[in-house]
Structures are given as C-alpha cells and as structure tokens.
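Q: got a predicted structure plus its sequence, pasted below:
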Amino acid sequence: MAMAPTTTPQQLTQPGRRVQAAISEPRWVRLLLTTVAIGFLAMFLFIPLVAVFVNAFSLGYRVFFGAISDPDALSAIRLTLLTASIAVPLNLVFGLAAAWTIAKFDFRAKSVLMTLIDLPFAVSPVISGLIFVLLFGAEGWLGPWLAAHDLKIIFALPGIVISTTFVTFPFVARELIPVMQAYGNEEEEAAMVLGASGWQMFFRVTLPNVKWGLLYGIIICNARAMGEYGAVSVVSGKIRGLTATMPVFVELLYNGYEFAGAFAIASLLTSLALVTLAAKRILIYRSAVDSTGHQPQTPLVEKVGNIAA
Amino acid sequence: MSIEVRNIRKTFGNFVALDEVSLKVETGELVALLGMSGSGKTTLLRIISGLELPDSGSVHFHGSEATEVSVRDRRVGFVFQHYALFRHLSVFENVAFGLRVKPRASRPAEDYIRKRVHELLQLVQLDSMANRLPSQLSGGQRQRVALARALAVEPSVLLLDEPFGALDAKVRAELRRWLRRLHDELHITSVFVTHDQEEALELADRVVVMNQGRVEQIGTPADVYHHPATPFVYQFLGNVNLFHGRVEDGHVLIEGSSVELDEAPHRNGNAKERAHVYLRPHQLELALEASGGNEFRATVVHLNSAGPKVKVELVTEWGDPVFAEIDHDRFDALKLAKGHRVYARPKEKPRVFVYQI
C-alpha cells in the first residue's frame, strides 16, 4: 500500500499522506527495525528495571521497609544525599564559571580548557579514585602533612565528596556551553548599554536565558553524583554505616548474600533514575515552550543534551 | 550632545578595522556610516558606544573625553542589528529594563516606570503588544521595541547598527520614513550604520562613506552623490560608467580610441599618467548623428523601458559596456532598437581621477 504506484482520488485530497508514502520505507523494513529496537530496549532496559523492583519486593513489603530502615541503610542514604548536596552546588558554580569563560571570551587556552573539562569523562572513575588516594592517602604526597594536622580525607566524607565532584564536574559545564554559545553576547551587551551592572546582567539576562539548560545539567549531575560507584568505592574504604554510599552499600549487601536488602536499596536508586528521566522530559518541554512561546520542533536543550550524551 | 572621535585606530589580530578615523557629529544630527561589510563602520559605532575600546585615539561626548568612561555610564542608546531583545521578558519589561536596573537612589518609582514605558510604546505604536514576548512579534515590531528600549533611559546619543538590515524591502521603507520623523521630533544626536546607500542618502543629514577602515568622504547626501571625493565613493554610490583614459597634452583620452573627454585637471603632459573617468548613466546623451564634439560610437545591446527612465545598455567600439539612462521622450524620438549604432556624449563634465603608473 505504501508503495502504491497509482494515485487514487482519495490520496490526492490528502497531500500529507502522499508525501509520507513517497519518502517512507516498505512496511516490512519498518516492522523489522521497530521490532529490533523494541526488543533491544526490552532486553537491556525494561526487564532489568522490572527485575530490580520484583526482587526488592520478593519477600514482601515488610522486608523491603525493614531493609531500607536498617541503620546502616539509613546511614548510606544520608551519606549519599549529603555528598550530592555538596558536590552538585560545587559543580553548579564551577560549571557556570567554565561555561561563561568558554562561551563569552576568546582566549588561547580555550581548547585546552574544553579538553580538561572532558577529562573526568575520559578517565575511568576507579582511576580518579586512585589518584585521590595517591594524593591524600596515608602513603600519598600530602598524606604526612594531613596526618600531622589531623585531617582525614581518604576513608572519610571529604574524600567521597572530592571524588564525586571530580567525576561529575563535566555535566553542568557541558550542558551550558552550547546553550550559551548559541545565545551569543548580544543580550548581555544590550543589558550593559542600558546601564546594568555585572550582577544585574547575570541575574536578569544570562541566568534566565540558560535556566532550563542549567536545571537539566543539575539534574543529570545529581543523578550521576548519587549513583557514583567507582571512584567512591576506592576512596571510601567501604565501611558499613560510616563511609558506604548507597551504590557501595548495595554491593556490600549483595556480596553478603543479603539479596532482598541489596535490591531494596537498588530500587531506591532506580526510582531516582526514573524521576530524573521524568524531570528531564519536563525540562525539555518547558524550555521549548519558553524559547518560542509555543511548541517547536527541536528544542535547544534536547539538541544540546544529545551532544553531551 | 555632540560626538567626536579623534584618530581612532583598532585592530583585530592582523586585521586593521579602523585606521586613524576622525569624525565629528553635531548635536541633533542624524549621521549615516556607510560602507561595505568589513569597512569598519560597525566597529566605529561600537567604539562610540563603549562596547569596544580603541587601540589608540579618543572619543569625546560634548567636548569632554569619554574614551575611558564605561559603557554603563555613557548614556547611549544602542539598537543592535538583530535587536538583542531579552527573549524571556515581555515587550513591556524589555522597555522597562533600563529603568529597573538603575541604582536604587536614582531608580524611578513603579508608577513612573509604567507611565514612561506606555508612553514609549505609544510612540513606537506598540502599546497593544505590551504583554507579548519578542518571539511573538514580527521583525519590524521587534525593531521598534528595540528602539523604545534604547530611548527609555533618555540617552543623549542614539546609535543604530544596521537598523533595517534584517527586514524586507517594504517594511524597511516604512520604518525608514518613520525613523526620520521620529528623529525630527526628538532631535536626539543619532548615528546609524548601513551598507545600503539608498538608506543612507535618504535618511541622513550627513553621510560618512567608509572603506577598509578609513573615512573616504564626509558630506551631505547631495554632496557625496554629486561630488564624490574619491573613485571609491563614485563607484559605491549609484551606478556609474568607468572609462580608462590616458593623459596627453593636458587632455584625457579614452583608452583604445582618440575620444577626448575632458581637460585633465592640474597635471602636465606626463606620458606615465593614467586617468579614471566616471560618468553616471543619466549624464550620457545619445544621438543618431555626430556633432563633432566629445563623443564616441556605441551599439545598443539591451533596452529596458519599464521605469521612469529608459535604461540603455551599449557596447563601445573598443568593447567596454556602457550604461545610459534617457527620458522616454528622447527614446521615442530616437526610435532606438537593439543593434542600432549611436553616438554617446557626456551632458556635463565628467569626474576625472588622474593617477601615476
């Protein structure tokens, strides 16, 4: 049907459909591609997702709530929230500064800075963790000095925060750079000519323009910060109830054959992922509505998100 | 408030954007900076506004030096080429912006801001659009919002960068007349940048023709059109025929023929001198018979009579294309057609530029 060589009167009255038929693939190709895509998604995303929740509740909801209200579990949740609540604001400030520098100024070391921002993406998180152990550990460069001043970084909260911040610092910056570059300098210049001070310009013009991109970056950064395992597992020492974040705690439980508990905590992290995805969708929609006053075809944030991903 | 720039020089890397440019704009004047892209006109405008700093030279507002005064304190109104409206703010808030960011001590009360913004929106005939976002306006409407926003802070100087560049021809012509009327009402010292000679000649009190970072000529529109100071200005303003001539015995002869066009100005009979002779199409007269004066033969290759004048495209005996514009009466009398051979002669003295080789 899609390849119908003759044009019926009905098709003539529906130009949209005729165009569609002319440029689309044969039906069996479409079916095959769709099946492959959905099958792949089901196998690698949907089934594991369901499995996490099924396993979490496999011994009943009492066991589930027992597992997540265990003092060690609560400590892991607290630690994860605390870490994220320090790392994300730090990266927010850093990301804004870096994006501003790169998007609004021309300087020689620009490409070097861009590459450095991407470094945490390129380095395995475990290596990042090791670097901090080498720096701050008892045997590390700064180890003796830290010990002399009674400062604990490795196997303590500061180490977890530092390594999490390092691993997640590209997210906000990468999200903002293309948005800021796309907007250019003109509105800021207009604000300056009209007499705005630097802060007025930033809060009244720059920030409102990039707010959706910024929020998007924060959400992704937060999801990554809470889910970070590699670097944290190296620097934290994995002490139950003390330095175990949620992902580390899941591993500890699993290795101790406490499957229901492991999946209970895992289901919390998975829920975070789902909330993140939902928030991302909403942000993309909102930014689209905002930037044009109605719904456009390709919102800027989504394009940007695809580049960063 | 008068504006003066003295010996401004500005480079971007190896590119010289402005080379020793000096210029004075009198109070209440409307001046056009006219030139092609890359001529430095926008850079000059940005230096006057304070958005760009010159490498050397100075800017003076009303006689006092303003080179070091920050863009925030210069009190200029700047209309950007692409308007640069704040896209997240309504039309009303865009116009109110300059009043809202004033230091607390001099910030007007909310009532005054409302009144003032509505006055300005009425001035630019957009009061009904106050609550719209910039993205919901047409190009011409955005342009007027940008103008109202610039005027809100009561600037002493209004600077416009290609104010009509992004608009289609009809809207452009309307806005042009409207801006002229507005300037006549407000009498605010204004400088605008344009690459459109028609726009500059129609709108401005004086035109500054710029080329490759230098000022070629400053004068009234009639001045620069009828008495171009340099070959560049001649070619840039309006259509023109260029003849390559040589100088002989104090006369200019057109290359490849012995047609004598004019007396060479103030030069002796040096064989190494060449001349460029400029004639506008309307300065050429066509005739069927020779008159024995300064004239040359040419063949009609194309005719266009759709317009106030008949445009005739000719080819000279030595192969150069020449354009002439003649009245319809004359055209009818001559009964011109493609392939006819005619005599062409200048109605008035052509402009000659002599140069050494």
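A: Great, that's in hand.
Q: hey, let's count contacts and neighbours off CA atoms from now on
A: OK.
Q: residue B:96: what secondary structure?
A: When classified by DSSP: H, G, I helix; E, B strand; the rest coil, residue B:96 comes out as helix.
Q: can you give me the neighbour number for the nearest residue to it once chain neighbours are set aside?
A: Spatial nearest neighbour of residue B:96, chain neighbours left out: residue B:117 (6.1 Å); criterion: C-alpha to C-alpha, 6 or more residues apart in numbering or on different chains. By the criterion of other C-alpha atoms under 10 Å in any protein chain shown, residue B:117 has 25 neighbours.
Q: any idea how far residue B:149 is from residue B:117?
A: Relative to residue B:149, residue B:117 is positioned 9 Å away (C-alpha to C-alpha, to the nearest Å).
Q: circling back to that earlier point, and the residue nearest to residue B:96, what does it touch?
A: B:92, B:95-96, B:152 (C-alpha atoms under 8 Å, 6 or more residues apart in numbering or on different chains).
Q: show me what the closest residue in space to residue B:209 that isn't next to it in sequence is bridged to.
A: What sits nearest to residue B:209 in space, not counting adjacent residues and going by C-alpha to C-alpha, 6+ apart, is residue B:34, at 4.8 Å. Beta-bridge pairing of residue B:34, defined through DSSP bridges, involves residue B:194, residue B:209.
Q: contacting residues for residue A:120?
A: By C-alpha under 8 Å, 6+ apart, residue A:120 lies in contact with A:128, A:166-170.
Q: buried residues, the host helix or strand of it. List them.
A: Using DSSP states H and E, residue A:120 sits in helix A:110-122. In terms of neighbour count (16 or more other C-alpha atoms under 10 Å in any protein chain shown), helix A:110-122 has its buried residues at A:114, A:117-118, A:120.
Q: which among the residues you listed gets closest to chain B?
A: residue A:114 (22.8 Å; C-alpha to the nearest C-alpha).
Q: any idea how far the residue of chain B most remote from its centre is from chain A?
A: Here chain B reaches farthest from its C-alpha mean at residue B:105, the gap being 41.6 Å by C-alpha atoms, centre = their mean. Per C-alpha to the nearest C-alpha, to the nearest Å, residue B:105 is found 14 Å from chain A.
Q: tell me the pLDDT of residue A:266.
A: We note a pLDDT of 91 for residue A:266 in this prediction.
Q: and for residue A:62?
A: The model's pLDDT for residue A:62 equals 86.
Q: can you put the buried residues of helix A:110-122 in a markdown table and add distance to residue A:70?
A: Shown next, in a markdown table, are the buried residues of helix A:110-122 (distance: C-alpha to C-alpha, whole Å):
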| residue | distance to residue A:70 |
| --- | --- |
| A:114 | 44 |
| A:117 | 39 |
| A:118 | 38 |
| A:120 | 34 |
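Q: residues of the stretch 1-150 of chain A that sit close to chain B?
A: Residues of the stretch 1-150 of chain A lying near chain B by C-alpha under 8 Å from any C-alpha of the partner chain: none.
Q: and the residue of the stretch 1-150 of chain B closest to chain A?
A: Closest point on the stretch 1-150 of chain B to chain A, by C-alpha to the nearest C-alpha, is residue B:72, at 4.2 Å.
Q: residues in contact with that residue?
A: A:192-197.
Q: and for residue A:49?
A: Residue A:49 touches residue A:270, counting by C-alpha under 8 Å, 6+ apart.
Q: ok, it to chain B distance?
A: Relative to chain B, and taking C-alpha to the nearest C-alpha, residue A:49 is found at 39 Å.
Q: where's that residue relative to residue A:148, distance?
A: When residue A:49 is compared with residue A:148 (using C-alpha to C-alpha), they lie 48 Å apart.
Q: just for the stretch 151-300 of chain A, where's the confidence low?
A: Flagging of the stretch 151-300 of chain A using pLDDT under 70 yields the residue ranges A:290-300.
Q: which residue is the nearest non-sequential neighbour of the residue of it found nearest chain B?
A: The minimum distance from the stretch 151-300 of chain A to chain B, using C-alpha to the nearest C-alpha, falls at residue A:195 (4.2 Å). Closest residue to residue A:195 apart from its sequence neighbours, by C-alpha to C-alpha, 6+ apart: residue B:72 at 4.2 Å.
Q: quickly note the distance from the one you found to residue B:200.
A: With C-alpha to C-alpha as the criterion, residue B:72 and residue B:200 are 29 Å apart.
Q: equivalent analysis for residue A:127, please.
A: 64 Å.
Q: quick one: mean pLDDT for the helix holding residue A:120?
A: Here the average pLDDT along helix A:110-122 is 88.
Q: after that helix, which helix or strand is next?
A: helix A:125-136.
Q: just send the contacts of residue A:120 back as CSV, with secondary structure too.
A: What follows is those, written out as CSV (three-state DSSP):
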residue, secondary structure
A:128, helix
A:166, helix
A:167, helix
A:168, helix
A:169, coil
A:170, helix
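Q: perfect, I'm done here.
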